[in-house]
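Asker: pasting the structure only:
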Ligand code: ACM
């Protein structure tokens with residue numbers, strides 16, 4: 001009985017007090033008197049094409065702590081005592097991925113412009129319910145959903161998170177769990193950084209040594225001393241079957257996986273596996289899977305055998321990933337080996353290329369044409385434009401905003417992923433405070449508190465409305481040199497991912513950090529319930545602090 005009273009009080013407070021714990025903040029929201037009683041009698045009635053969204057909602061409600069709701073196709077005209085209705089209305093006056101959510105005493109209705117919109121509407125419902133493990137789920141009282149009407153749609157089509165599994169491998173189950181939490185925040189692009197100097201993580205049938213050799217390294221720097229070695233073998237890779245499973249899992253949650261295969265640089269693991277595709281005509285050539293972080297000299301040779309190899313790899317990659325965009329890396333490719341290599345120099349002469357930067361652009365251009373022949377689009381880090389940018393390439397801007405301005409002036413598409421605002425491998429609290437907790441709190445460096453992520457505006461680089469249209473969206477990066485396992489990844493990702501979600505989804509004019517911070521407390525209850533290892537930001541700032 002005491003239990004009942006306590007949870008009733010909690011529910012009242014959810015309904016009546018404070019901002020609703022919705023992140024990202026919806027475009028419009030009107031609250032009303034009253035509430036809907038979500039109870040074990042509540043079923044999900046769905047339009048036939050929304051079976052996936054209905055099944056996922058039922059499963060997610062069960063994970064929170066509800067009795068698994070019945071799912072009923074709309075054409076089954078049975079009477080339900082209480083229902084959440086999922087409707088698809090392609091003619092609704094909403095942008096792509098938009099939804100309307102109406103919660104009233106008599107029922108809950110989610111109307112989506114498309115299935116993604118319906119899915120996002122269901123995410124909002126989940127955020128409004130008690131978190132997993134909340135005692136409220138255990139008593140007999142229904143959960144109260146506050147009466148309201150939301151009309152909502154995303155600001156950007158690309159709302160991404162990048163995870164680097166090259167530096168440290170995360171098993172498929174961990175990746176799926178990460179994808180669940182991206183979905184919770186209405187993010188929709190998972191950029192999977194699958195290859196790097198320290199590891200190749202994707203099975204390629206035609207080139208088995210990529211994973212026999214390239215997926216393993218003999219040592220890594222331990223936490224707390226980046227210039228030393230732990231002498232422990234580290235590695236792992238995803239089989240093609242595992243990749244297909246993760247792609248399908250993400251797709252069901254309206255998340256596109258953009259795979260990244262790094263070239264021409266960050267390629268030491270690949271070149272160690274197949275030394276013939278590196279610059280083998282230089283002196284001292286001895287490629288190996290790297291055991292220290294940083295930038296390494298091994299880059300692919302610009303020769304025909306290498307292009308055949310890369311095209312074969314990309315053919316298998318395209319068969320596994322339906323994403324229109326394929327990321328080819330392109331960052332931090334030192335040009336020293338091309339300067340030394342007679343073969344690379346001959347290619348430059350043959351193609352009339354003035355310098356090694358132009359050779360890289362030529363290299364990327366060839367790969368871009370190949371991807372176009374497969375009806376895909378090339379995206380790469382901003383270095384891909386240093387020797388000229390192909391008209392069709394999309395640039396992921398990680399360095400200075402000037403690179404975005406340059407690409408936008410040329411009419412190219414960009415995704416904003418700047419290291420100053422969106423590198424979640426940077427410290428979120430002062431380094432001294434983090435390191436005082438233990439060397440496992442080490443980060444690469446930098447300082448990126450959640451306030452700074454929240455303040456980011458991806459369109460600040462656009463000079464005209466036309467340029468703004470070429471900013472596809474934005475994403476945060478989880479480089480993993482200093483994240484040896486998923487628990488550390490989570491610590492770096494959350495709650496900054498919540499700030500990213502609002503940057504990527506909510507209209508600029510609606511953003512307000514204090515308001516976000518107070519909603520975040522409710523969202524962090526979900527993190528806690530879901531056993532996420534998140535960092536606790538400083539408490540909500542005092543009311544009246546400006547933003
Ligand atoms: C990068 O941080 N090298 C893209």
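Answerer: Ah, there it is. Small disclaimer: the values here were computed from a predicted structure and weren't measured. Numbers count the residues shown, from 1 in each chain.

Asker: ok, now how distant is the closest residue to the ligand within the stretch 151-300 of the chain from residue 494?
Answerer: Scanning the stretch 151-300 of the chain for the residue nearest the ligand gives residue 266, at 7.8 Å (criterion: Cβ to the nearest ligand atom). C-betas here are computed from N, CA, C, even on glycine. For residue 266, the distance to residue 494 equals 27 Å [Cβ to Cβ, to the nearest Å].

Asker: Kindly report the same for residue 245.
Answerer: From residue 245 across to residue 494, the span is 24 Å (Cβ to Cβ).

Asker: Of these two, which one has the most company?
Answerer: Between residue 245 and residue 494, counted using other Cβ atoms under 10 Å, residue 494 has the larger neighbour count: 24 against 15.

Asker: What confidence value was assigned to residue 19?
Answerer: Per-residue confidence at residue 19 stands at 89 (pLDDT).

Asker: one step back: so the residue of the stretch 151-300 of the chain closest to the ligand sits against residue 200, correct?
Answerer: No: contact status for residue 266 versus residue 200: not in contact, 10.6 Å apart, counting by Cβ atoms under 8 Å.

Asker: Which neighbours do those two have in common?
Answerer: Any residue near both residue 266 and residue 200 by Cβ atoms under 8 Å, 6 or more residues apart in numbering counts here, and that gives residue 166.

Asker: the more surrounded of those two?
Answerer: Between residue 266 and residue 200, counted using other Cβ under 10 Å, the more crowded position is residue 200 (32 against 27).

Asker: Tell me the spacing between the residue nearest to residue 355 when sequence neighbours are not counted and the ligand.
Answerer: Closest residue to residue 355 apart from its sequence neighbours, by Cβ to Cβ, 6 or more residues apart in numbering: residue 387 at 7.0 Å. When distance is defined by Cβ to the nearest ligand atom, to the nearest Å, residue 387 is 17 Å away from the ligand.

Asker: Around residue 387, how many other residues sit close by?
Answerer: Residue 387, neighbours per other Cβ under 10 Å, totals 19.

Asker: got the contact list for it?
Answerer: Residues in contact with residue 387 (Cβ under 8 Å, 6+ apart) are 353, 355-362.

Asker: Among the residues you listed, which one sits closest to the ligand?
Answerer: Of all the contacts of residue 387, the ligand sits closest to residue 360, with 14.3 Å by Cβ to the nearest ligand atom.

Asker: Double-check that that closest one belongs to a helix.
Answerer: Yes: Residue 360 forms part of a helix when assessed by DSSP: H, G, I helix; E, B strand; the rest coil.

Asker: I figured it was touching residue 264, is that so?
Answerer: Yes: between residue 360 and residue 264 there is a contact under Cβ under 8 Å: 6.3 Å.

Asker: and residue 439, how far is that from residue 345?
Answerer: Note on residue 439: its distance to residue 345, by Cβ to Cβ, is 45 Å.

Asker: okay, those two: which has more neighbours?
Answerer: More crowded of residue 439 and residue 345, by other Cβ under 10 Å: residue 345, with 16 against 10.

Asker: which residues of the stretch 151-300 of the chain score low on pLDDT?
Answerer: Counting by pLDDT under 70, the stretch 151-300 of the chain has no low-confidence residues at all.

Asker: where along it do the strands fall?
Answerer: In the stretch 151-300 of the chain, the segments counted as strands under DSSP state E, counting those that start in this stretch are 158-164, 189-193, 195-196, 199-200, 216-217, 234-235, 256-260.

Asker: Pick the most deeply packed of those strands.
Answerer: Most buried of the strands of the stretch 151-300 of the chain by mean neighbour count (mean count of other Cβ atoms under 10 Å) is strand 199-200; its value is a mean of 30.
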